[in-house]
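Peer 1: got a sequence here, can you model it:
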Amino acid sequence: MSDLKQQFRDWHALVLRVQELKEAFDEGSRKQRRAQAKVEQAKQQVQKLQNELKALKVAIHEKEVSLKANLAQIEKYSKQRNTAKEQKEFDALNHEIQDLKQINNVIEEETLNAMAELEEKQPQLQVLEEAVKQAEQAKAKQMQDWQVEQQSIESRLKETEQALNDLINQLPVEAKKHYDRMLPSLGSSVLASINRRSCTGCYTEVTGQQYNEIAIGKLVICKSCNRILYDADSPT
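Peer 2: The predicted structure is shown next:
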């Protein structure tokens, strides 16, 4: 039964190795997605700043147009005031002129603030555009490295899966059937070693009879978690 005991150990080792390689493959794919996400995030920051700069330029232009329109109106009112024949008309025109001047003072201040903000933000665009380039370069290098790593992982995974299938075909029929039945729900933890007479999958203590059967390499299923139990100790 010693050969069967070793087969169970090798079986679990191969199952875990397959899972490990699949996780490595998935992690490689996740790294690619994260690299792409960084590129997209950097591009979004550039786009956001470009939109802000554009909005500032539009706002400055609109304020300059308003200033010119108000100045033209002030000039018109001033001419009308100079030819006013009644004090009431003179006062009304003078009031309009003063209101427009106050409005222009506010517009001029807002224009200066917008121009200062534009001047402050424009250099940031170059920094963000450089960040996009760096993110794209990092993504390209990661993709290049991943292509090599991916081939290695796929090759090792194929070899390991083949070794696992070869070993499973040598196992007792009952073990194979239980493995196939429980694999979808338990995955790589379909097997569990015992430690101090307990299942390492659910920590339930095995009976004395089960422990003896495990020790001689018989198929034993944990009554609590349905894992296939085996003795992890190296053969003496």
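
Peer 1: the helix or strand encompassing residue 135 packs against which elements?
Peer 2: Residue 135 is part of helix 87-168, with elements assigned from DSSP states H and E. Identification of packing neighbours for helix 87-168 by 3 or more C-beta pairs under 8 Å, 6 or more residues apart in numbering; DSSP states H and E yields helix 2-82. Bear in mind the C-beta positions are built from the backbone N, C-alpha and C, glycine included.

Peer 1: between helix 87-168 and the helix it packs on, find me the angle.
Peer 2: Put simply, helix 2-82 runs at 170 degrees to helix 87-168, going by axes from the mean of the first three to the mean of the last three C-alpha atoms, to 10 degrees.

Peer 1: what mean pLDDT does helix 2-82 have?
Peer 2: The average of the pLDDT scores along helix 2-82 is 94.

Peer 1: and the helix holding residue 135, average pLDDT?
Peer 2: On average, helix 87-168 scores 95.

Peer 1: just how off-centre is it within its chain?
Peer 2: Averaging C-alpha positions (C-alpha atoms, centre = their mean, to the nearest Å) puts helix 87-168 18 Å from its chain's average.

Peer 1: center of this protein - which residue?
Peer 2: residue 34 (4.9 Å; C-alpha atoms, centre = their mean).

Peer 1: check contacts around that residue.
Peer 2: For residue 34, the contact set (C-beta atoms under 8 Å, 6 or more residues apart in numbering) is empty.

Peer 1: pull up the gap between it and residue 135, please.
Peer 2: 11 Å (C-beta to C-beta, to the nearest Å).

Peer 1: before we move on, what about residue 23?
Peer 2: Taken as C-beta to C-beta, the span from residue 23 to residue 135 is 26 Å.
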